[in-house]
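Visitor: Turn this into a structure:
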Amino acid sequence: MSSRSLALLLAISLLAGPAGAAERKSKFNWDALGTEFCRLTVAGDLAGLRDLLSDSLAQDIAHAAARNPGLPPARVLFQSYTNEVPVCEAHTRNAAIIAVTRSNPDGAAPAWTEYVEVVPAPDGTTRIDNVLFATRRSDTLRARLEFYAAQ
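Guide: The predicted structure follows:
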């Protein structure tokens, strides 16, 4: 390939890059899903959350709840720590992750960020499939549900 052809390909890719990135950002914008997740978890509305969850995550929650009456309430179950905080903000991180930041008003402590994993559902929607907690990589909602179900 000549250096002129290579330069032309590079120029085309540079021109196409930002448009492609903008298209991907708009195509994978889960901010509304994250905002609704925040609203419902702060309210402790597990029944309302059901429509946002993947079928397998909903089944795991039901299984853990059936096996362990000590399962934390929804206000705490879906967050990293047991401190209940009133502020929850969500922003799409990428095609599979929503960053959820929880805190007291004005970002006051305690404050942390956890990550909500989303997956495509058979009906064409996107559903929440797990929460990656702020404590350590292995601490996830699914891991906690397994622990509660084994108690």
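Visitor: Asp123 and Leu71, how far apart?
Guide: Distance, Asp123 to Leu71, using C-beta to C-beta, to the nearest Å: 28 Å. The C-beta positions use only the backbone N, C-alpha and C, and glycine is treated the same way.
Visitor: Looking at these two, which is more packed in?
Guide: Legend: neighbour count by other C-beta atoms under 10 Å for Asp123 and Leu71, higher for Leu71 (19 against 6).
Visitor: Verify the stated contact: that one with Leu77.
Guide: Yes: here Leu71 reaches Leu77: they are 6.8 Å apart, a contact under C-beta atoms under 8 Å.
Visitor: buried set for stretch 44-52?
Guide: By 16 or more other C-beta atoms under 10 Å, the buried positions in stretch 44-52 come out as 46, 49, 52.
Visitor: Among those residues, which lie within helices?
Guide: Counted as lying in helices by DSSP state H, out of the buried residues of stretch 44-52, are 46, 49.
Visitor: quick one: which helix or strand includes the residue nearest to the spatial centre of the chain?
Guide: By C-alpha atoms, centre = their mean, the chain has its centre lying nearest to Val116, at 1.5 Å. Applying DSSP states H and E as the criterion places Val116 in strand 112-120.
Visitor: Residues contacting that strand, please?
Guide: Here strand 112-120 makes contact (C-beta atoms under 8 Å, 6 or more residues apart in numbering) with 30, 33-34, 37, 54, 79-81, 90, 93, 96-103, 126-134.
Visitor: does Arg102 really touch Thr82, like I thought?
Guide: No: under the criterion of C-beta under 8 Å, Arg102 is not in contact with Thr82, lying 11.8 Å apart.
Visitor: Do you have the strands of this protein handy? List them.
Guide: In the chain, the strands defined using DSSP state E lie at 87-94, 97-103, 112-120, 126-132.
Visitor: Let me know the angle separating the last one from strand 112-120.
Guide: Here strand 126-132 runs at 140 degrees with respect to strand 112-120, directions being taken by axes from the mean of the first three to the mean of the last three C-alpha atoms, to 10 degrees.
Visitor: Restrict strand 126-132 to CA atoms and write it as CSV.
Guide: Provided in CSV are the C-alpha atoms of strand 126-132 (Å, rounded to 0.1, in the frame of the first residue of the first chain):
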residue,chain,number,x,y,z
THR,A,126,-32.4,-3.5,28.2
ARG,A,127,-32.5,-4.9,31.7
ILE,A,128,-30.4,-4.8,34.8
ASP,A,129,-28.5,-8.0,35.4
ASN,A,130,-26.2,-7.3,38.3
VAL,A,131,-24.7,-4.7,40.5
LEU,A,132,-20.9,-4.4,41.0
